[in-house]
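> Predicted structure and sequence below. I'll ask about it afterward.
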Amino acid sequence: MQVLDTSALLAWPIEKIRDSICSSTQIAELEKVDLNRSLLIETIEINWKVPSSKGLDSAKKAAQESGDLARLSDVDLDILAICFDLQENQSDFELFSDDYRVQNVAALAKMKVKSINTKGVSAIWYWEARCTGCRAITKLNDNPRRGRKGSVMDCDICGSEMVLKKKRG
Ligand SMILES: [Zn+2]
């Protein structure tokens, strides 16, 4: 079985995509990026899945552990959650994604993950929150601000914004 993220749905020939597992929330994402492509994709057999709440919890927990949670989109989390559901059911699958944060979380959970256009993960990266005021460093909490950039949470000590930094060593 193969689980595909949206970059695979955009890049791969239709024959390779058929019968893959995707998140149902990818349809809207695909429509936004490439409407014609989405119309084509909707004509082929794809196993559109909705993750379980348990799978979502596992995905969020793993993403908090690596520190990627603040930078993952809802769709990214759905795809990872579907992989956790498959892992829970002991299904044999491979995840294809070009998003290095998605790859990172999947690798942390010991899933088979492959990239589409990029080189892919060679080592797992950990991220932590650093205060822009008092410079305190902590683990990401379980409900960080999520988005492509910007601060991820507020400092418990001084209240300043905290930013994501790659953990050393
Ligand atoms: Zn602080």
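It's in.

> mind giving me the domain ranges of this structure?
2-114, 127-166 (automatic domain parsing).

> chain center to the longest one, what's the gap?
In terms of C-alpha atoms, centre = their mean, to the nearest Å, the centre of domain 2-114 is set 7 Å apart from its chain centre.

> List the beta-bridge partners for residue 128.
Here residue 128 sits in beta bridges with residue 165, going by DSSP bridges.

> list the contacts for it?
67, 137, 138, 139, 140, 164, 165, 167 (C-beta atoms under 8 Å, 6 or more residues apart in numbering). Using the backbone N, CA and C atoms, a C-beta is placed for each residue, glycine as well.

> 6 Å - rerun?
67, 137, 139, 167 (C-beta atoms under 6 Å, 6 or more residues apart in numbering).

> Look up the pLDDT of it for me, please.
Looking at residue 128, its pLDDT reads 95.

> Equivalent analysis for residue 169, please.
Taking residue 169 on its own, its pLDDT is 65.

> didn't residue 71 look like it was pressed against residue 100?
No - the criterion here is C-beta atoms under 6 Å, and residue 71 misses it with residue 100 at 9.9 Å.

> hmm, back to that, just put the domains of the chain in JSON lines and tack on distance to residue 120.
Converted to JSON lines, those look like this (distance: least, C-beta to C-beta, whole Å):
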{"stretch": "domain 2-114", "distance to residue 120": "6"}
{"stretch": "domain 127-166", "distance to residue 120": "18"}
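
> closest to the ion out of those domains?
The ion sits nearest to domain 127-166 of all the domains of the chain, at 3.0 Å, using C-beta to the ion.

> Can you give me the buried ones in that closest one?
Residues 127-131, 140, 144, 146, 151-155, 162-164 are the ones in domain 127-166 that count as buried (16 or more other C-beta atoms under 10 Å).

> How about the residues of the chain by the ion?
Applying C-beta under 5 Å from the ion, one finds that the chain approaches the ion through 131, 133, 134, 136, 155, 157, 158, 160.

> Which of those fall in strands?
Using DSSP state E, the subset of the residues of the chain next to the ion located in strands is residue 131.

> Just to be sure, which of the residues of the chain next to the ion are found in helices?
Secondary structure from DSSP state H places none of the residues of the chain next to the ion in helices.

> quick one: what helix or strand has residue 150 in it?
Secondary structure assigned from DSSP states H and E places residue 150 in neither a helix nor a strand.

> How confident is the prediction for it, by pLDDT?
On pLDDT, residue 150 comes in at 92.
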